[in-house]
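# this is the structure alone, sequence omitted:
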């Protein structure tokens, strides 16, 4: 690949940094991180070698699911700032050579979204078919819930209309009817709006749930057709608006299935996807002290279209899912990194950050991230890892809720397990990007 092509395929040589604005830096002292605070710390991220910011949801929210329950797709959470602040942030980031992607969370809305309020107001409301309803009592779906600690069904009865609405996640997150052309048009409008404000693409949340038709009436699915054709059309729309914009998909399925979400040989659906398969084998490899599980999985990685890419990660805002491991393999990882039941979640994963899992040892933390940066694919960092951020296990839920500190880059000293994390770790992370890119060339193949 020519070096000049890296500007067109910028995501293949990017270093992505995921952050939650409300937990990053508080500029006005009100106890909540804000967009202005993040803009003030852009140079810190540039020094780390970050070339793409992934902003977790910054939209107005009921805050039932860490911002992933949105009440206005075109707004900015007033606690974080304004549209003006957002545009200034994007401009400043791009001045420092960084792209910016946002979260596209359109599988569901908040139950307080005006669309849902209208939908449940009556069966004749124009917004009724924007959501998925059924008029007969649903069967037992307890085996399909995503959050078994909070839900026992993916259907909830609405007292006002006497019908049940679909929610693959919390009951406060009703699923949109993606087979409805009006909903499809609105999703495209949301994408176009934020592209116009300068974002370079989207991390697409829960893609399989977003495009699937489970529970949707046949009168809609017959016209909707192949869900992958819809995803292909959505990618084409984004390409018409911004040719170099990307979809980074959250698709926790096997490699064979992931190929379908990339768009097969054409690669015309999702641009990139997180490699959940490899991530889980990395923790198994660390638990065993053997690279064999990773080696085996890397050999299984499918060949992708030239412009597609896998995204590698060590941690993110969700639980560290281990659902692709066998029960005995999962037990090995639990024993090594989360033996206390309170460290585990849903019997399938861990709710811990990497630094405390490694006892705050800078050498081991640097080793793991050096490993990630050496892998073929695009590295994705989770905010605070570079300063050894820990978690507060007294706070229930995923790491996004249980973060021990806000990230204040002015202070590079963090204590984990009674020992300070050496500031040299920051320098090591800064160096990883340049050394890894030198080894692998200007762009990374599949």
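Noted; the coordinates are in hand. Note that the structure is predicted; figures quoted are calculated from it, not measured. Residues are numbered from 1 along each chain as shown.

# low-confidence stretches in the stretch 251-400 of the chain?
Within the stretch 251-400 of the chain, the ranges that satisfy pLDDT under 70 run 397-400.

# residue boundaries of the helices in it?
255-262, 276-288, 292-300, 327-337, 354-357, 362-374 (DSSP state H, counting those that start in this stretch).

# select, out of these, the one closest to residue 396.
The minimum distance between residue 396 and these falls on helix 354-357, with 17.0 Å, by C-beta to C-beta. Where you see a C-beta, it was placed from the backbone N, CA and C, and this is true even at glycine.

# packing partners of that closest one?
helix 362-374 (3 or more C-beta pairs under 8 Å, 6 or more residues apart in numbering; DSSP states H and E).

# helices or strands up against the helix it packs on?
helix 276-288, helix 354-357, helix 424-440.

# export the helices of the stretch 251-400 of the chain as JSON lines, with columns for distance to residue 124.
Shown next, in JSON lines, are these (distance: least, C-beta to C-beta, whole Å):
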{"stretch": "helix 255-262", "distance to residue 124": "37"}
{"stretch": "helix 276-288", "distance to residue 124": "43"}
{"stretch": "helix 292-300", "distance to residue 124": "52"}
{"stretch": "helix 327-337", "distance to residue 124": "49"}
{"stretch": "helix 354-357", "distance to residue 124": "52"}
{"stretch": "helix 362-374", "distance to residue 124": "53"}
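
# please render those helices as a markdown table that adds mean neighbour count and distance to residue 229 to the earlier fields.
As requested, the helices of the stretch 251-400 of the chain are exported to a markdown table (neighbours: other C-beta atoms under 10 Å; distance: least, C-beta to C-beta, whole Å):
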| stretch | mean neighbour count | distance to residue 229 |
| --- | --- | --- |
| helix 255-262 | 18 | 12 |
| helix 276-288 | 21 | 24 |
| helix 292-300 | 14 | 27 |
| helix 327-337 | 16 | 36 |
| helix 354-357 | 24 | 39 |
| helix 362-374 | 18 | 34 |
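
# quick one, which of those gets closest to residue 149.
Nearest of the helices of the stretch 251-400 of the chain (C-beta to C-beta): helix 327-337, 17.1 Å.

# just want the angle from the closest one to helix 276-288.
60 degrees (axes from the mean of the first three to the mean of the last three C-alpha atoms, to 10 degrees).

# my read: residue 39 touches residue 92, true?
Yes. With contacts counted by C-beta atoms under 8 Å, residue 39 reaches residue 92, the gap being 5.1 Å.

# neighbour count: these two, which is higher?
Neighbours per residue, other C-beta atoms under 10 Å: of residue 39 and residue 92, the larger number sits with residue 39, 20 against 17.

# give the contact list for that one.
85, 88-89, 92-93 (C-beta atoms under 8 Å, 6 or more residues apart in numbering).

# wasn't it part of a helix?
Yes. Counting by DSSP: H, G, I helix; E, B strand; the rest coil, residue 39 is part of a helix.
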